[in-house]
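Asks: Coordinates for the following, if possible.
(2 chains)
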Amino acid sequence: KNQVEQSPQSLIILEGKNCTLQCNYTVSPFSNLRWYKQDTGRGPVSLTIMTFSENTKSNGRYTATLDADTKQSSLHITASQLSDSASYICVVNPNQAGTALIFGKGTTLSVSS
Amino acid sequence: GAGVSQSPSNKVTEKGKDVELRCDPISGHTALYWYRQSLGQGLEFLIYFQGNSAPDKSGLPSDRFSAERTGGSVSTLTIQRTQQEDSAVYLCASSFAGTGAPRTEAFFGQGTRLTVV
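Replies: Residues are numbered from 1 along each chain as shown, chains lettered A, B, ... in the order given. So this is what the prediction gives:
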């Protein structure tokens, strides 16, 4: 069964610290993986996308990695800011037409001062 | 439209009443998704449309929930005889093609906050 599991479910860190969020998936065949950020009260917005041939992708202080062999992805946030407080959702796109995108349940990050 | 539009943005209803939530996807997007997000919880998949058909409706929690999509565009999610546990934010997303396209991105609406009192 195609699944996307994220960990931890929630995380609290101090402003300025780094953190890493994990995403494990069992989707096969696999086309690409996106990380979304969802601010409170808003819809999720795409941060990064990686296809199976890409190992890393950066977007400012956000760096996503992908290991297609172990089916794992991580999102690393450097020098966290209060505005990073949000839910981060991992979404896998199966390489199979007519099959839905598969969403993880997300990690809720709280950055405190 | 420029983005995914959902209406209403907020809905308060009495327990037992029926509600209809509307989603206007981005023009040309063939795939449409409905999700539910309860307070402090992650996204809960409800139903996926490809065009007007729903190949995956496995997430609908009960037969009180139904959804349709007409003209490959607008979708409505209907909840009959609402219960307090139905209170949540209902999010709609749309994308090109659904899957297989290498850079498919799902665009989300702002959601409908449903409160059942």
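Asks: contacts, neighbours, all on C-alpha from now
Replies: Will do.
Asks: which residues does B:Pro25 contact?
Replies: Applying Cα atoms under 8 Å, 6 or more residues apart in numbering or on different chains to B:Pro25 gives the contacts B:1, B:3-5, B:32, B:73-74, B:93-94.
Asks: Per-residue pLDDT of it, please?
Replies: Model confidence at B:Pro25, given as pLDDT, is 96.
Asks: Tell me how far it lies from B:Ala2.
Replies: 9 Å (Cα to Cα, to the nearest Å).
Asks: For the contacts of B:Pro25, give me JSON lines that also has secondary structure.
Replies: Below are the contacts of B:Pro25 laid out as JSON lines (DSSP: H, G, I helix; E, B strand; the rest coil):
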{"residue": "B:Gly1", "secondary structure": "coil"}
{"residue": "B:Gly3", "secondary structure": "coil"}
{"residue": "B:Val4", "secondary structure": "coil"}
{"residue": "B:Ser5", "secondary structure": "strand"}
{"residue": "B:Leu32", "secondary structure": "strand"}
{"residue": "B:Ser73", "secondary structure": "coil"}
{"residue": "B:Val74", "secondary structure": "coil"}
{"residue": "B:Ala93", "secondary structure": "strand"}
{"residue": "B:Ser94", "secondary structure": "strand"}
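Asks: By neighbour count, which of those residues wins?
Replies: B:Leu32 (32 neighbours; other Cα atoms under 10 Å in any protein chain shown).
Asks: Apart from its neighbours in sequence, what residue is nearest that residue?
Replies: B:Ser94 (4.3 Å; Cα to Cα, 6 or more residues apart in numbering or on different chains).
Asks: Thought B:His29 was touching the one you found, still the case?
Replies: Yes. Between B:Ser94 and B:His29 there is a contact under Cα atoms under 8 Å: 6.0 Å.
Asks: Chain B: strands as residue ranges?
Replies: B:5-7, B:10-13, B:19-24, B:31-37, B:44-50, B:53-56, B:65-69, B:75-79, B:88-95, B:107-108, B:112-116 (DSSP state E).
Asks: what's residue 74 in contact with, if anything?
Replies: As the question left the chain open, I've gone with chain A. Counted by Cα under 8 Å, 6+ apart, A:Ser74 has contacts A:20-23, A:64-66.
Asks: Not quite, go with chain B.
Replies: B:22-25.
Asks: Please apply the same query to A:Arg42.
Replies: A:Arg42 sits in contact with B:109-111, where contact means Cα under 8 Å, 6+ apart.
Asks: ok, which of these also contact chain A?
Replies: B:109-111 (Cα under 8 Å from any Cα of the partner chain).
Asks: So, low pLDDT: which residues of chain B?
Replies: Scanning chain B for pLDDT under 70 picks out B:1, B:97-103.
Asks: Distance-wise, check the most centrally placed residue in it relative to chain A.
Replies: The residue lying closest to the centre of chain B (Cα atoms, centre = their mean) is B:Trp34, at 2.9 Å. Distance, B:Trp34 to chain A, by Cα to the nearest Cα, to the nearest Å: 11 Å.
Asks: Thank you, goodbye.
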